[in-house]
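Enquirer: Output the structure for:
(one chain, ligands or ions: 1)
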Amino acid sequence: MAERKSIAATVTYRETGASDRAPVRALQAAVYDSAIAGICEALISSPAETLSLVAELDGQIIGHILLTPVAGPERALALAPHAILPAWRDMQIGTELVRNALKLARERGWRSVFVFGQPDYYGRFGFKSRTANCADVSWQGPRFLAIELEQGALARWSGPLDYPEAYLAVAKALY
Ligand SMILES: CC(C)(COP(=O)(O)OP(=O)(O)OC[C@H]1O[C@@H](n2cnc3c(N)ncnc32)[C@H](O)[C@@H]1OP(=O)(O)O)[C@@H](O)C(=O)NCCC(=O)NCCS
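Expert: Numbering: from 1, shown residues only. As a prediction, the model looks like this:
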């Protein structure tokens, strides 16, 4: 187990570049399907300030995470999809991808991030269901989570989250 986990430290976590387009699409198609892969590609190349990071090992893209701006609270992002190729799971690579993505988001001035996911998993980064209660979305519930990147970012806000159309298509397929 220790050996599996130490692999995560040898992986490079970096922002997606133009040459990653095809491998990221292939990865998302392998983990989800080609429709989601296509929507991801559209979101990454959209003019919005999308944050897209890959996990790369020996030149191979083995993980990908996408954070897309949502309108509602000031400077908020939605996290999805987050995918690691099956052969590389349970090695802390997904964890490192999230950590790197949240660090970059903070550096870029983003104030909060929403995700629909497993509370056990995303809880380790500080995502909480009660932090997301302020958002009026149809998938509200115990798996709808949020984290404040800046303390108090969501404290005085409540209302609907306005997701880009393409993101909603991903959410519909994932949620
Ligand atoms: C979810 C996913 C991104 C996690 O990546 P990973 O690199 O395998 O995860 P890590 O190695 O960082 O973390 C492993 C830990 O998470 C736990 N874990 C993994 N998937 C989990 C899940 N779906 N629910 C709860 N816990 C989970 C493991 O038990 C392990 O726990 P431990 O650290 O206490 O031993 C990956 O499994 C994946 O791509 N899944 C398919 C797509 C998906 O479900 N994406 C998330 C929704 S957007």
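Enquirer: Next, the buried residues of stretch 35-47.
Expert: Within stretch 35-47, the residues that count as buried by 16 or more other C-beta atoms under 10 Å are 36-37, 39-41, 43-44. In this view, the C-beta of every residue, glycine as well, is placed from N, C-alpha and C.
Enquirer: Secondary structure of residue 80: a strand, I assume?
Expert: Yes. Under DSSP: H, G, I helix; E, B strand; the rest coil, residue 80 falls within a strand.
Enquirer: burial count for it?
Expert: 22 (other C-beta atoms under 10 Å).
Enquirer: Now do the buried residues in the helix or strand harbouring residue 106.
Expert: Using DSSP states H and E, the element containing residue 106 is helix 93-107. By neighbour count with 16+ other C-beta under 10 Å, helix 93-107 contains the buried residues 93-94, 96-98, 100-102, 104-105.
Enquirer: between the buried residues of stretch 35-47, which is nearest the ligand?
Expert: For the buried residues of stretch 35-47, the residue nearest the ligand by C-beta to the nearest ligand atom is residue 36; the value is 10.2 Å.
Enquirer: returning to what we had before: do the helix or strand just after the helix holding residue 106 and the ligand meet?
Expert: Downstream of helix 93-107, the next assigned helix or strand under DSSP H and E is strand 112-116. No. Against the ligand, strand 112-116 shows no contacts by C-beta under 6 Å from any ligand atom, the least distance being 7.0 Å.
Enquirer: Run the angle between strand 112-116 and helix 93-107 for me.
Expert: For strand 112-116 against helix 93-107, the angle by axes from the mean of the first three to the mean of the last three C-alpha atoms, to 10 degrees is 150 degrees.
Enquirer: strand partners of strand 112-116, parallel vs antiparallel please.
Expert: Note on strand 112-116: by DSSP bridges, its sheet partners are strand 76-84 (parallel), strand 144-148 (antiparallel).
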